[in-house]
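Colleague: Need coordinates for the below:
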Amino acid sequence: MPMHVRGRGLPPENGQETAIELWIVDGHISTERVAGADTVFDGGWILPGLVDAHCHVGLGHHGEIPIDDAIVQAEAEREVGALLLRDCGSPTDTRSLDDRDDLPRIIRAGKHIAKPKRYQAGFSVELEDESQLPAAVAEEAKRGDGWIKLVGDWIDRGIGDLAPLWSDDVLKAAIDTAHAHGARVTAHVFSDEAMPGLIKAGIDCIEHGTGLTDETIALMLEHGTVLVPTLINIIDNFPGIADAAKRYPTYAAHMRELYARCRERIAAAAAAGVPIYAGSDAGTMIAHGRIVDEVEALKGIGMSPTDALGAACWDARRWLGRPGCEHGASADLVCYSQDPRTGPGVLSQPDLVILRGNIFRP
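Modeller: Residues are numbered from 1 along each chain as shown. You can find the predicted model right below:
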């Protein structure tokens, strides 16, 4: 039976909240009136499904996990209204989840690409020789949904500190290869040292970015590079990572330094105009279903409530090339009786979740 929702939409237009009225037919949105539709929501706020722009459905503490566990991860995202997920690297083949009408849509990046002993064991494709990187990128482009995930820096135990994994010329060749295959490229990066080479090579996005400087922020603006800072992972986990690294005191001190200035540096990037989107980094050290906490963390670095919510909703969808509430789009909606910008208590408890035209009530 056709359904009908009516309320207020976001973002505001010319400073004014807009009325929104949608009909749902065969799992899709219609902006044209449909006779006989059942009104299932009336009078609150109606948004396109939330977006977690950096999570890992199909990743466990030791890498690959059973598909049933990946389903549980995806269900946790759905319960808070995160209906579009950019999976930033997973060793588990989660393609079968695309056949499930009750699970969020996933945009995959294939597996992480790293070097032996330069990332967490079991997570990535490991290349003995960096000259293999362009070919590996081409292969992962076939497995992903238009994204590639590189490990840009990680601890080098030979020097006892964070260090870049790839030389600049190899990065340029690899990123050019990804773009030729129609894929965008992002990279895990903590420190400053790896960022200039990645940005100048044409990378599309930086994940984490705790080592941002004024110079790398300017480079990101010049090259149109996007940032997904995953603030809750940094805030929750960097101190513990440093405390556990007793064998590598230089690395531990570096991680504490990055933690101490991460909010100020991410805030500087936002103030400069670097596009920022919300990602929780859920998968191992962060539980799934925490995108609302990331929105709150973005507010904590100075983003307005509307901009912080947009970074996990309409703006993120536009960046990822996915529709919102327009005519013909999949009916993936979250509805709130109160303004979802009010705070996490409201945003984390949607009154109605509609996914592919099916109703879910948290």
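
Colleague: Check what contacts the longest helix belonging to the chain and list those residues.
Modeller: Scanning the chain for the helix with the most residues, using DSSP state H, yields helix 249-272. Contacts with helix 249-272, where a contact means Cβ atoms under 8 Å, 6 or more residues apart in numbering, come from 155, 159-162, 190-191, 209-214, 217-218, 220-221, 227, 229, 231, 234-235, 238-239, 241-243, 245-246, 276, 298, 300-303. The C-beta positions use only the backbone N, C-alpha and C, and glycine is treated the same way.

Colleague: Using CSV, write down the CA coordinates of that helix.
Modeller: Only the C-alpha atoms of helix 249-272 are listed here, as CSV (Å, rounded to 0.1, in the frame of the first residue of the first chain):
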residue,chain,number,x,y,z
PRO,A,249,58.5,5.7,23.0
THR,A,250,58.9,8.0,20.0
TYR,A,251,55.8,6.6,18.4
ALA,A,252,53.9,6.8,21.7
ALA,A,253,54.9,10.5,22.2
HIS,A,254,53.9,11.2,18.6
MET,A,255,50.4,9.7,19.1
ARG,A,256,49.9,11.8,22.2
GLU,A,257,51.0,14.9,20.4
LEU,A,258,48.5,14.2,17.5
TYR,A,259,45.8,13.6,20.1
ALA,A,260,46.4,16.8,21.9
ARG,A,261,46.1,19.0,18.9
CYS,A,262,43.6,17.0,16.7
ARG,A,263,40.5,19.1,17.6
GLU,A,264,42.3,22.4,16.9
ARG,A,265,43.7,21.1,13.6
ILE,A,266,40.4,19.7,12.4
ALA,A,267,38.7,22.9,13.4
ALA,A,268,41.2,24.9,11.4
ALA,A,269,40.5,22.7,8.3
ALA,A,270,36.8,23.3,8.7
ALA,A,271,37.2,27.0,9.2
ALA,A,272,39.4,27.2,6.0
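
Colleague: going forward can the numbers begin at 16, since that is how I track them
Modeller: Yep, numbering from 16; the last one is helix 264-287 now.

Colleague: quick one: contacts of the helix or strand just after that helix?
Modeller: Scanning forward in sequence from helix 264-287 by DSSP states H and E, the next helix or strand is helix 306-315. Helix 306-315 has contacts (Cβ under 8 Å, 6+ apart) with 65-67, 92, 95, 97, 244-247, 250, 278, 285, 291, 293-295, 320, 322-324, 326-327, 358-359, 362-363.

Colleague: do stretch 322-339 as well
Modeller: 25-26, 62-68, 97, 99, 101, 120, 122, 161, 241, 290-293, 306, 309-311, 313-314, 318, 344-345, 355-356, 362.

Colleague: So which bits of that stretch are buried?
Modeller: 322-332, 334-335, 337, 339 (16 or more other Cβ atoms under 10 Å).

Colleague: Now, these that are in helices?
Modeller: Per DSSP H, these map to helices at 322-325, 329-332, 334-335.

Colleague: out of those, which one sits closest to residue 210?
Modeller: residue 334 (19.8 Å; Cβ to Cβ).

Colleague: and the protein, what are its domains?
Modeller: 18-62+339-375, 65-334 (the TED database).

Colleague: Kindly reformat the ones in helices among the buried residues of stretch 322-339 as TSV and extend each row with pLDDT and distance to residue 106.
Modeller: Shown next, in TSV, are those (pLDDT from 0 to 100; distance: Cβ to Cβ, whole Å):
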residue	pLDDT	distance to residue 106
322	97	34
323	98	31
324	98	32
325	98	32
329	98	31
330	98	30
331	98	25
332	98	27
334	98	25
335	98	22
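
Colleague: how about TSV for those residues, with distance to residue 86 added?
Modeller: Output for those, formatted as TSV (distance: Cβ to Cβ, whole Å):
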residue	distance to residue 86
322	33
323	29
324	27
325	29
329	27
330	28
331	23
332	23
334	27
335	22
